[in-house]
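Novice: Just the structure for this:
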Amino acid sequence: MSRIGKKPITVPAGVTVKIENNFVTVKGPKGELSRQIVKEMKLTMDNGVITVERPNDEKESRSLHGLSRTLINNMIVGVTTGYSKTLEIVGVGYRAALQGKAINFNLGFSHPCVKEPPAGITFAVPQPNQIVVSGADKELVGAVAADLRTLRLPEPYKGKGIRYQGEYVRRKVGKAGAKG
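Specialist: Presented below is the predicted three-dimensional model:
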């Protein structure tokens, strides 16, 4: 039995969950999320507790069991507390500034890069070298953060670029000087 899949999901107060033909809709204070769960999984909800059951013990069913439960749990956590990822900008002259809802990056290019947030995502710039991407959908927050990171990937020689907070960038030694 899947250790994660068999855990029940408790629905907190202020959150409404609707399940119809394995299409799960979750509404809460941070927004509304909906997702189609695999048809083979059996979703039941009673007294504010959601349980996910699998039809058989085949390998595919076992792997989808824990995934289905985690996806529903992430939706509930997203509409109650939300998710956020913090990015750091490293480099002389590299910075970000908020322009309305969009972010204006100065990353050493000949032009500024402006990124608009997709629906359900908000940007915050507490410092010129720090960006916080937040929203209710965990998958979308991670995808937007990864997209911002690709504007200027951290390079291994000086470590300049955009990286996740706490990310380790492996450094390389530069060219050795001429000897002799």
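Novice: can I assume residue 162 sits in a helix?
Specialist: No: with DSSP: H, G, I helix; E, B strand; the rest coil as the criterion, residue 162 is strand rather than part of a helix.
Novice: residues in contact with the helix or strand containing residue 18?
Specialist: Using DSSP states H and E, residue 18 maps to strand 16-20. The contact list for strand 16-20 (Cβ atoms under 8 Å, 6 or more residues apart in numbering) reads 11, 24-28, 43, 45, 50, 76. No exception for glycine: its C-beta is placed from N, CA and C like everyone else's.
Novice: which two from these end up farthest apart in space?
Specialist: 28 and 43 (18.1 Å; Cβ to Cβ).
Novice: Run a quick neighbour tally on residue 96.
Specialist: For residue 96, the count of nearby residues is 25 (other Cβ atoms under 10 Å).
Novice: Give the closest residue to the residue positioned nearest the centre of the chain in space, chain neighbours not counted.
Specialist: Closest to where the C-alpha atoms of the chain average out (Cα atoms, centre = their mean) is residue 142, at 2.8 Å. Residue nearest to residue 142 in three dimensions, not counting chain neighbours: residue 85, with 6.5 Å by Cβ to Cβ, 6 or more residues apart in numbering.
Novice: Next, count neighbours for residue 35.
Specialist: So residue 35, with other Cβ under 10 Å, has 16 neighbours.
Novice: Now residue 28: closest residue in space that isn't a chain neighbour?
Specialist: Counting by Cβ to Cβ, 6+ apart, the residue nearest residue 28 is residue 79, at 2.9 Å.
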